[in-house]
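Participant: The following block contains a protein sequence and its predicted model.
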Amino acid sequence: MEASINIETADKKPSVFTVFKCKCPRCRRGDMFENKNPYALKTTMKMNKECPVCGQPFNIEVGFYYGSSYVSYAASIALSVATFVAWWVLIGFSLQDNRFFYWLTFNSVFLIVAQPYLMRLARTGWLMFFVRYDINWRTPPTQRLERINEEQEKNW
């Protein structure tokens, strides 16, 4: 009986797709952002200082998330290509009418609406490049960061 309890309560490795839920990359359980709703625009980018589950610091160094703009750009291009292909397959393009400009308008509005979520996704993905999943995240303590200068934190 005891063995069945251990099997039921054992941790399973969470999927890498937790990046889409904006979870901590170390434990993949804790939320990175204070508010789960990315469309609460006043608090869209307010992040927890550290993971509420494993204690992983989210602000690794001053200006760290500047690099997330590259991830956001790549995600925007990927979405634009996806909408282009979907439009091409479902509606099609023609030289005799303005369907290309309709797609361009649709894509622009779609990217503007998706931007709050894409910014969060980019930060989560950027942090995932530098902080790997640790299957034993409960046992080793997180390393305290030495390079944080809180006076310079808001100067970016």
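Facilitator: That came in fine, so what should we check first?
Participant: just for this structure, where's the confidence low?
Facilitator: Residues of the chain meeting the criterion pLDDT under 70: 1-14, 140-156.
Participant: Show me which helix runs longest in it.
Facilitator: Criterion DSSP state H: the longest helix present in the chain is helix 99-130.
Participant: Okay, buried residues for that helix please.
Facilitator: Residues of helix 99-130 classed as buried: 103, 107, 116-128 (neighbour count, 16 or more other CB atoms under 10 Å). Backbone N, C-alpha and C define where each C-beta goes, glycine included.
Participant: Find the centremost residue of this structure, please.
Facilitator: L121 (2.3 Å; CA atoms, centre = their mean).
Participant: OK, contacts around the nearest residue to M128 once chain neighbours are set aside?
Facilitator: Distances taken as CB to CB, 6 or more residues apart in numbering place P25 nearest to M128, at 4.2 Å, with adjacent residues excluded. Contacts of P25 were listed using CB atoms under 8 Å, 6 or more residues apart in numbering, and they are V19, Q56, T124, L127, M128, V131, R132, Y133.
Participant: which ones are touching the residue nearest to the centre of the chain?
Facilitator: Here L121 is in contact with V19, F20, C22, V71, S72, A75 (CB under 8 Å, 6+ apart).
Participant: Looking at those residues, which one is closest to W137?
Facilitator: V19 (16.2 Å; CB to CB).
Participant: what about the helices in the chain?
Facilitator: 2-9, 68-90, 99-130.
Participant: Off-centre distance for the second one?
Facilitator: Meaning helix 68-90. Here the centre of helix 68-90 is set off from its chain's centre by 16 Å, with CA atoms, centre = their mean, to the nearest Å.
Participant: again, but for the last one
Facilitator: Centre-to-centre, helix 99-130 and its host chain are 12 Å apart (CA atoms, centre = their mean).
Participant: any idea of the angle that helix forms with helix 68-90?
Facilitator: Going by axes from the mean of the first three to the mean of the last three CA atoms, to 10 degrees, helix 99-130 is angled at 140 degrees with respect to helix 68-90.
Participant: With respect to Y66, which of the contacts of P25 is nearest?
Facilitator: L127 (12.6 Å).
Participant: wouldn't that closest one be in contact with M32 here?
Facilitator: Yes - assessed by CB atoms under 8 Å, L127 is found in contact with M32 at 7.5 Å.
Participant: and for these two, which residues touch both?
Facilitator: Listed as contacting both L127 and M32 by CB under 8 Å, 6+ apart are F58.
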